[in-house]
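J.: Sequence first, then the predicted structure, then my questions.
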Amino acid sequence: MQPRHMKLLDLISQNKRMAVTELSEALGVSEVTIRKDLNLLAHQGLLKREHGFASMVASEDIGHHLSFHYENKRRIAERAARCVQPGETVMIESGGCCTLLAEELCMRRCHITIITNSAFVASFVRKIHGARVILLGGSYQNESQVMVGPLVGLCARNFKVDKFFLGIDGIDENGVKSSDHLRIEAAQAMAAQARGIIVLTESEKFHCDASELLFPFEHIRAIYTDADAAPEDIQRLEAHGLDVFPAAKSQK
């Protein structure tokens with residue numbers, strides 16, 4: 001994604017809805033260029049196009065989560081991609097950081113195979129040459145575009161991988177948490193086929209709560225987060241035996 005596209009997403013994330021003329025002035029490019037950018041980003045599900053305007057997608061839509069703090073998520077994904085070896089098969093759940101991790105792995109053209117229950121992830125990387133994605137079956141959640149239900153676990157049993165990457169909604173003293181019971185069940189079924197669970201999350205989630213425990217700390221191998229993670233939060237997680245990897249700071 002071009003730097004201009006990232007700035008465009010940041011502007012719309014901050015303002016929720018902006019006119020093409022406003023975006024053109026803010027970014028210093030023509031309205032024709034802005035319209036082309038908006039059409040591309042809308043096709044990827046990152047924003048909504050209206051006549052003369054662009055706006056954020058619905059808050060429950062995966063595209064909303066991906067476009068919000070896009071640059072932070074991209075850097076987390078780049079940092080996490082380093083732990084994946086050429087030719088490896090990995091499992092990736094849904095979420096903004098996870099989507100960009102899948103894209104990063106596919107862009108590296110290292111013959112990585114991605115097993116996922118996210119139709120959004122599969123669609124997002126579908127045009128990258130050499131991408132190999134296996135989509136697990138299940139009941140389809142429309143907004144999040146993920147497969148859930150017992151069929152996910154039945155399909156996942158056909159595979160054994162070293163790493164399972166997932167996002168979270170929050171953390172407490174017991175472990176990482178989520179707010180969607182069906183997605184928790186799917187994630188736990190996938191994790192049963194992996195030797196290590198790796199969490200990708202922005203550091204703001206370190207101070208968020210959610211309704212249900214997803215995994216206790218002892219089940220997690222590592223956490224990849226952004227450069228804004230406070231030292232005391234990193235120390236707290238490391239005290240639970242976790243490896244914590246902050247991403248590089250933005251060059252802005």
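T.: Structure received. Numbering: from 1, shown residues only.
J.: so who does Arg221 touch?
T.: Residues counted as contacts of Arg221 (C-beta atoms under 8 Å, 6 or more residues apart in numbering) are 163, 196-198, 242-243. No exception for glycine: its C-beta is placed from N, CA and C like everyone else's.
J.: which of these count as buried?
T.: Neighbour-count burial (16 or more other C-beta atoms under 10 Å) applied to the contacts of Arg221 gives 163, 197-198, 242.
J.: Which of the residues you listed fall in strands?
T.: Judged by DSSP state E, the subset of the buried ones among the contacts of Arg221 located in strands is 163, 197-198.
J.: Pull stretch 26-43 out as PDB, backbone CA atoms only.
T.: Output of stretch 26-43 as PDB, limited to C-alpha atoms (Å, rounded to 0.1, in the frame of the first residue of the first chain):
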ATOM      1  CA  ALA A  26      -5.200  17.600   2.500                       C
ATOM      2  CA  LEU A  27      -3.000  15.200   0.400                       C
ATOM      3  CA  GLY A  28      -2.000  17.600  -2.300                       C
ATOM      4  CA  VAL A  29      -3.200  15.500  -5.300                       C
ATOM      5  CA  SER A  30      -5.900  15.900  -7.800                       C
ATOM      6  CA  GLU A  31      -9.500  14.800  -7.200                       C
ATOM      7  CA  VAL A  32      -9.100  12.300 -10.000                       C
ATOM      8  CA  THR A  33      -6.300  10.700  -8.100                       C
ATOM      9  CA  ILE A  34      -8.300  10.700  -4.900                       C
ATOM     10  CA  ARG A  35     -11.200   9.000  -6.600                       C
ATOM     11  CA  LYS A  36      -9.000   6.300  -8.000                       C
ATOM     12  CA  ASP A  37      -7.500   5.800  -4.500                       C
ATOM     13  CA  LEU A  38     -10.900   5.600  -2.900                       C
ATOM     14  CA  ASN A  39     -12.200   3.100  -5.400                       C
ATOM     15  CA  LEU A  40      -9.200   0.900  -4.700                       C
ATOM     16  CA  LEU A  41      -9.500   1.100  -1.000                       C
ATOM     17  CA  ALA A  42     -13.300   0.500  -1.200                       C
ATOM     18  CA  HIS A  43     -12.700  -2.600  -3.300                       C
END
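J.: So what's the gap between it and the chain middle?
T.: Taking C-alpha atoms, centre = their mean, to the nearest Å, the mean C-alpha location of stretch 26-43 is offset from the chain mean by 24 Å.
J.: Do you have the helices of the chain handy? List them.
T.: 3-15, 20-27, 31-43, 62-67, 70-81, 96-107, 119-124, 150-156, 181-191, 231-238 (DSSP state H).
J.: who wins for proximity to Glu204 among those?
T.: helix 70-81 (9.1 Å; C-beta to C-beta).
J.: Which secondary structure elements does the closest one sit against?
T.: helix 3-15, helix 96-107, strand 194-200, strand 220-225, strand 243-246 (3 or more C-beta pairs under 8 Å, 6 or more residues apart in numbering; DSSP states H and E).
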